[in-house]
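K.L.:
Whatever this is, show me its structure:
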Amino acid sequence: MILPDHARLMARYNRWQNESLYAAADALGGDARLADRGAFFRSIHETLAHILWADRIWLSRFGKCEKPACAGHETLKLWPDWEGLKADRQAMDDVVEAWAAGFSEDDLRGNLEWYSGAAGRNMARPVWLLVTHIFNHQTHHRGQVHAMLTSAGARPDDTDLFLME
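P.N.:
Sure thing, here's the model as predicted:
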């Protein structure tokens, strides 16, 4: 099991890394951000939109925001423009940090039940495991974005957790 301080640390890391990636992506034009780069979600823009979509899906299950009104592969319906995506990402980072700040050890020991579209059935898992999953999912896809940005000539910051101040 993780402790509340770990969730708070990962929420800070989430914001720090999002700020880095979005700043690096800002240096590229819209066509470069939307170019199909062979990633699972094709482009920089779409992969960043997927991360935000997934954060909203998960945080909606915890009662912290509204569920997105589209499937995970349709994120350009929600965020067709870069500025809207950036603004919603910043707002979600506030939600993620407030959510993590509110955890107690008892909260993390509890279970969450939800219907999983990916699994096609009702699920129940320990909260600490799902919190770990949410932050792991973000990190996984941000790594893909980091690689796409680097190959496009942008310069995102380092990703090492120990370098975060």
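K.L.:
residue furthest from the geometric center of this structure?
P.N.:
Distance to the chain centre peaks in the chain at D106, reaching 24.6 Å (criterion: C-alpha atoms, centre = their mean).
K.L.:
which residues of this protein fall in strands?
P.N.:
With strands called from DSSP state E, the chain shows them at 111-116, 121-126.
K.L.:
Throw those into a markdown table and include mean neighbour count, thanks.
P.N.:
Every C-beta, even on glycine, is put in place using the N, C-alpha and C of the backbone. Below are those laid out as a markdown table (neighbours: other C-beta atoms under 10 Å):
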| stretch | mean neighbour count |
| --- | --- |
| strand 111-116 | 12 |
| strand 121-126 | 11 |
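K.L.:
which ones are touching the closest residue to F40 other than its chain neighbours?
P.N.:
The shortest distance from F40 to any non-neighbouring residue, by C-beta to C-beta, 6 or more residues apart in numbering, is to Q144 (7.1 Å). When contacts are counted by C-beta atoms under 8 Å, 6 or more residues apart in numbering, Q144 touches 39-41, 47.
K.L.:
thinking again about what came up before, would you reformat the strands of the chain as TSV and include mean pLDDT and distance to A71?
P.N.:
Listed next are those as TSV, based on pLDDT from 0 to 100; distance: least, C-beta to C-beta, whole Å:
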stretch	mean pLDDT	distance to A71
strand 111-116	96	13
strand 121-126	98	17
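K.L.:
Put together CSV for those strands, with distance to E83 on each row.
P.N.:
CSV is the format used below for the strands of the chain (distance: least, C-beta to C-beta, whole Å):
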stretch, distance to E83
strand 111-116, 32
strand 121-126, 35
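K.L.:
Show me the one of those that comes nearest M1.
P.N.:
strand 121-126 (7.5 Å; C-beta to C-beta).
K.L.:
pretty sure T150 is touching T159, no?
P.N.:
No: counting by C-beta atoms under 8 Å, T150 sits too far from T159 to count as a contact (11.1 Å).
K.L.:
which of these two has more neighbours?
P.N.:
Using other C-beta atoms under 10 Å, the more surrounded residue of T150 and T159 is T159, with 16 against 12.
K.L.:
Point out where this structure drops to low pLDDT.
P.N.:
Under the criterion pLDDT under 70, no range of the chain is flagged.
K.L.:
residue ranges of the helices in it, please?
P.N.:
Assigned by DSSP state H, the chain shows helices spanning 4-26, 30-34, 44-61, 82-101, 105-109, 127-151.
K.L.:
who wins for proximity to S116 among those helices?
P.N.:
The closest of these to S116 is helix 44-61. By C-beta to C-beta, the value is 9.5 Å.
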